[in-house]
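Chemist: Quick one: sequence and predicted model below, then my questions.
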Amino acid sequence: MPILDPHTLEFFSRSAAQTRRVGMRLGELLHPGHVIHLIGDLGGGKTTFVQGVAAGWGTLDPVSSPTFVLVNVYRHPNGGRLYHLDAYRLQDASEAEALDLDTMIASGPLVVEWADRIQAALPEERLRIQFRWIDDEQRAMQFSALGTAYEDLLEDFRQKVYAV
């Protein structure tokens, strides 16, 4: 097993509810301009995690996978927007660019499932979360901060999750 650098955090979830709670801790910290890349196999817990992110961010809207509609927009009571993009059905980054990602990023946090499929269309600075299926109940999540703003976000997240 590799030793993690200071800009990486690994978390093991033992249930879907725990995955949602971890997502809520991150959601509480998100602001317009934040980009969260989610990668991992089908069934890895990405959508469950986004349900928590959206709840922690403050939406009351129901959260579901936008696989067929590509982008779901969740509303905050203060008028803010959280964008949830599922890139699974996109062929490449050019299809993603047609969705006007810059406007989404400027006006709200953007959470992208299957982000590796459209990497070239997304900012280099981001919080990358790799999901790994362990068994029916357990998932591993590895959080990697790419860029100073995301290093700060990861440190704030670490403190929320572990209360250190």
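Modeler: Sure thing, it's come through.
Chemist: Strands along the protein, start to end?
Modeler: Per DSSP state E, the chain carries strands over the ranges 8-13, 35-40, 71-75, 81-86, 110-113, 126-133, 139-146.
Chemist: So which of those is the most surrounded?
Modeler: Neighbour counts (mean count of other C-beta atoms under 10 Å) averaged over each of those peak at strand 110-113, with a mean of 28. C-beta: built from backbone N, CA, C; applies to glycine.
Chemist: Residue 115 and residue 11, how far apart?
Modeler: Between residue 115 and residue 11 the distance is 18 Å, computed by C-beta to C-beta, to the nearest Å.
Chemist: rewinding a little: adding distance to residue 158, write the strands of the chain out as a markdown table.
Modeler: Below are the strands of the chain laid out as a markdown table (distance: least, C-beta to C-beta, whole Å):
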| stretch | distance to residue 158 |
| --- | --- |
| strand 8-13 | 6 |
| strand 35-40 | 15 |
| strand 71-75 | 25 |
| strand 81-86 | 22 |
| strand 110-113 | 19 |
| strand 126-133 | 12 |
| strand 139-146 | 8 |
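Chemist: The ones you listed into TSV, with extra columns for distance to residue 53 and mean pLDDT?
Modeler: Converted to TSV, those look like this (distance: least, C-beta to C-beta, whole Å; pLDDT from 0 to 100):
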stretch	distance to residue 53	mean pLDDT
strand 8-13	14	92
strand 35-40	7	96
strand 71-75	9	93
strand 81-86	8	94
strand 110-113	6	96
strand 126-133	10	95
strand 139-146	12	95
